[in-house]
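> take a look and give me a structure for this.
(one chain, ligands or ions: 1)
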Amino acid sequence: MGAVRDFAAQLLSGAVRPEEQNPFTTFLGLEEYAPGIAFVSGFANAVAIDTGEGLIVVDTGSQLTGAMIHGAIRGWTRAPADTIVYTHGHADHVMGAFLWDDDSAGAGGARPTVIAHELVPKRFERYVKTAGYNAAINARQFRVPGLQWPTQYRQPDVLVSKAHTISKGGVTIELRHDRGETDDHLWAYVEPSRAICTGDLVIWASPNCGNPQKVQRYPLEWANALDAMRAKNARILFPGHGPAIEGEDVVREVLETSAALLRSLHDQCVALMNEGLALADVIARVRVDESLLAKPWLRPVYDEPEFILRNLWRLYGGWYDGNPAHLKPSHPDALANEVASLAGGATALIDRAEKLCAAGELRLACELAEWAGRASPEDAGIRARRAAIYRARAERETSLMARGVYEDAANK
Ligand SMILES: [Zn+2]
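I've put the predicted structure just below:
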């Protein structure tokens, strides 16, 4: 077995836990899964299909990983690049496309045809408009200081609305659009190898369906997309991140349990919203099915269910959380000063925050530590104690998204 198959087997058997080695961010190189089909594990993965009548590449990697992915595929086949499919317009999946244009130009051929969903160009427009914001939040989320956000994108040549089929050299690739992590997702079913390229609808982690710093996600449509994939009865699943998965039974289980988790959160959240509950009470009342969350492909090592509930609230409701004090709140610094003066000073707040932290009451500890820091911004001692509380919180979180925010707060 190769490194990708080994890692999948270790995760599935429990020999390696996702908390020890996050499958979402692994780089394990290229492995062939069927004649003419190779998978490249490269943070955001790619799939290469050598049809005998030209090469089809599904996803191309990021600014940082595109060259590794291109090089790995070129070590496997020299077939001319014919078609590139973007499963969606996230920068970690599309930025390697320029390398394939260069590759074709170097070989004296026409550049490949890039196929994507019709909303991908709109996403690229938004990325250019909000490049500074995206640089800041991704630097925070991934802990990459100084991260640059791209403002030049390889635009698609063919736009897909709902479905599109590619047939070449005896290979058929059915592309289908469903909303889920994004509004511009395509997933692919490949015959005759019976493989599914899921894009980020499967990522070896609890779905990226809450993401506190990013735009709207679509949990129910995501679950429906996973059901449609399951109906294909595929033999191989190529996820957007993490190792490939082989075998009808395990592929079916991954798709079924991922859909069940999303549907359970969706249905509970909507039922509680319909009862008129406030957001905080919805979050307190929803029960996450721990047996689903325990699956190695659903561990909350990237996003997490609590954030999915907030995303659902935004999707079906608005930003008002049901607490009238939050409708037009005071500035947090003003509130911090008021609470500190009531408590007898910022030191009293940070003392109590540390006790709460030691008792494992990290939500309350952070609230008080934040007030203490804001009430005494020049006090280096309080700043260090506040930072220690956020660091303790970051260590106990499982999701990369929560850890990123808390570590960033600790470094402020
Ligand atoms: Zn991705």
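
> what comes up buried for the one helix or strand residue 292 maps to?
Per DSSP states H and E: residue 292 is located in helix 290-293. Buried residues in helix 290-293, counting neighbours by 16 or more other CB atoms under 10 Å, are found at 292-293. From N, CA and C alone the C-beta is placed, and that goes for glycine too.

> over to stretch 133-152?
Applying 16+ other CB under 10 Å to stretch 133-152 flags 134-135, 137-141, 147, 149-150 as buried.

> what is the neighbour count of residue 329?
If you count neighbours by other CB atoms under 10 Å, residue 329 ends up with 11.

> near the ion, which residues of the chain?
Contact residues (CB under 5 Å from the ion) of the chain with the ion: 44, 90, 92, 200, 240.

> of those residues, just the buried ones, ChimeraX syntax please.
Listed next is the ChimeraX selection for buried residues among the residues of the chain next to the ion, using 16+ other CB under 10 Å:
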select :44,90,92,200,240
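
> for residue 57, give me phi and psi.
phi -120, psi 120 (degrees, to the nearest 10).

> tell me the domain boundaries of the chain?
3-261, 330-410 (automatic domain parsing).

> next, format the ones you listed as JSON lines and append mean pLDDT.
Shown next, in JSON lines, are the domains of the chain (pLDDT from 0 to 100):
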{"stretch": "domain 3-261", "mean pLDDT": "96"}
{"stretch": "domain 330-410", "mean pLDDT": "97"}
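
> can you tell me which of those is packed in deepest?
Per residue and on average, the most neighbours among the domains of the chain fall to domain 3-261, with a mean of 20 (mean count of other CB atoms under 10 Å).

> which SS state does residue 102 fall under?
Under DSSP: H, G, I helix; E, B strand; the rest coil, residue 102 falls in the helix class.

> by proximity to the ion, which residue of the stretch 251-400 of the chain wins?
Residue nearest to the ion within the stretch 251-400 of the chain: residue 302 (9.7 Å; CB to the ion).

> got the contact list for that residue?
By CB atoms under 8 Å, 6 or more residues apart in numbering, the contact list for residue 302 reads 22, 24, 203, 205-206, 208, 399-401.

> and the closest residue to it other than its chain neighbours, what does it touch?
Closest residue to residue 302 apart from its sequence neighbours, by CB to CB, 6 or more residues apart in numbering: residue 205 at 4.0 Å. Counting by CB under 8 Å, 6+ apart, residue 205 touches 18, 22-24, 241-242, 297-303.

> need the residues you listed in TSV (columns: distance to residue 338 and secondary structure).
Converted to TSV, the contacts of residue 205 look like this (distance: CB to CB, whole Å; DSSP: H, G, I helix; E, B strand; the rest coil):
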residue	distance to residue 338	secondary structure
18	43	coil
22	41	coil
23	46	helix
24	41	helix
241	45	coil
242	47	coil
297	47	coil
298	42	coil
299	41	coil
300	35	coil
301	38	coil
302	37	coil
303	34	coil
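
> and the gap between the most far-flung residue of the chain relative to its centre and residue 26?
In the chain, residue 344 marks the outermost C-alpha relative to the chain mean, sitting 43.3 Å out by CA atoms, centre = their mean. To residue 26, residue 344 is 50 Å away according to CB to CB, to the nearest Å.

> now do residue 1
Distance from residue 1 to residue 26, by CB to CB: 15 Å.

> what's across from residue 159 in the sheet?
Residue 159 has these beta-bridge partners by DSSP bridges: residue 116.

> helices or strands up against whichever helix in the chain runs longest?
Counting by DSSP state H, the longest helix found in the chain is helix 248-274. The contact analysis (3 or more CB pairs under 8 Å, 6 or more residues apart in numbering; DSSP states H and E) places helix 248-274 against helix 219-230, strand 236-239, helix 279-285, helix 290-293, helix 305-316.

> next, the most centrally placed residue in the chain: secondary structure please.
By CA atoms, centre = their mean, the chain has its centre lying nearest to residue 208, at 4.0 Å. Of the three states, residue 208 takes coil according to three-state DSSP.

> that one contacts residue 217, correct?
Yes. Between residue 208 and residue 217 there is a contact at 7.3 Å, judged by CB atoms under 8 Å.

> good, we can wrap up now.
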